[in-house]
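K.L.:
This is the structure alone, sequence omitted:
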């Protein structure tokens, strides 16, 4: 019996487009966050408000592992140093941390892969878990690499990631509500 190949040119194009879109959105929000919230920088790698953290959660929710790849590429692009093991490892942490948080929360809440039945409170727990996982893994990485002598990046990164995630989630909700309202308005008979 011969197995059919489900990989088509169209599916590959879609995957590439999704990866590129996530990477570009990451870069855009990274630059926007640096511009708008530069005053809230704790260190070159930790901010008290960090908008791209919200992009992490949304990308992993919508695109899964494709989102992780896009986040990884976006993190490589926004790292202004030359590509090194340090940069690649830091980008991997940034990209994988929201997936770890998502998997743990889905298991803990017994949520389906489709995310059906996800409540607002559970979404906030996802945001909390995503911020904590990135802050914890990044802080441990900085400690191991000798960037910090203790876990002093943990609190500012956690607060910054949580604040950025909540801001992005509420902006996304407002945009979705507006879009749905406009769509309903256009469908009404005159």
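P.N.:
Now that the structure is in, tell me what you want to look at. All of these numbers come straight from a predicted model, not from anything done at the bench.
K.L.:
for the chain, what spans make up the helices?
P.N.:
Counting by DSSP state H, the chain has helices at residues 9-36, 52-63, 65-78, 85-109, 120-145, 154-187.
K.L.:
Check which helices and strands the fifth one is in contact with.
P.N.:
Just to be clear, that refers to helix 120-145. helix 52-63, helix 85-109, helix 154-187 (3 or more CB pairs under 8 Å, 6 or more residues apart in numbering; DSSP states H and E). Where you see a C-beta, it was placed from the backbone N, CA and C, and this is true even at glycine.
K.L.:
Distance to residue 8 for the ones you listed - can I get that in TSV?
P.N.:
Output for those, formatted as TSV (distance: least, CB to CB, whole Å):
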stretch	distance to residue 8
helix 52-63	18
helix 85-109	26
helix 154-187	30
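K.L.:
Deepest in the core, which of those is it.
P.N.:
helix 52-63 (a mean of 24; mean count of other CB atoms under 10 Å).
K.L.:
distance of residue 24 from residue 162?
P.N.:
24 Å (CB to CB, to the nearest Å).
K.L.:
ok, now residue 35?
P.N.:
Counting by CB to CB - residue 35 and residue 162 are separated by 21 Å.
K.L.:
OK, contacts around residue 122?
P.N.:
By CB atoms under 8 Å, 6 or more residues apart in numbering, the contact set of residue 122 is 105, 109, 111.
K.L.:
where does the chain dip in pLDDT?
P.N.:
Scanning the chain for pLDDT under 70 picks out 1-7, 43-45, 81, 114-116, 188-190.
K.L.:
For the most centrally placed residue in the chain, which non-adjacent residue is closest in space?
P.N.:
Nearest residue to the geometric centre of the chain (CA atoms, centre = their mean): residue 56, 0.2 Å. Nearest residue to residue 56 in three dimensions, chain neighbours excluded: residue 98, at 4.1 Å (CB to CB, 6 or more residues apart in numbering).
K.L.:
so that neighbour touches residue 128, yeah?
P.N.:
No - with contacts defined as CB atoms under 8 Å, residue 98 does not count as touching residue 128, sitting 11.9 Å away.
K.L.:
can I assume residue 96 is in contact with residue 69?
P.N.:
No - the pair residue 96 / residue 69 is not scored as a contact, 10.5 Å apart, by CB under 8 Å.
K.L.:
The residue nearest to residue 26 when sequence neighbours are not counted: neighbour count?
P.N.:
Setting aside the residues directly before and after it, residue 26 is nearest to residue 74 in space (CB to CB, 6+ apart), at 2.9 Å. Residues near residue 74, counting by other CB atoms under 10 Å, number 28.
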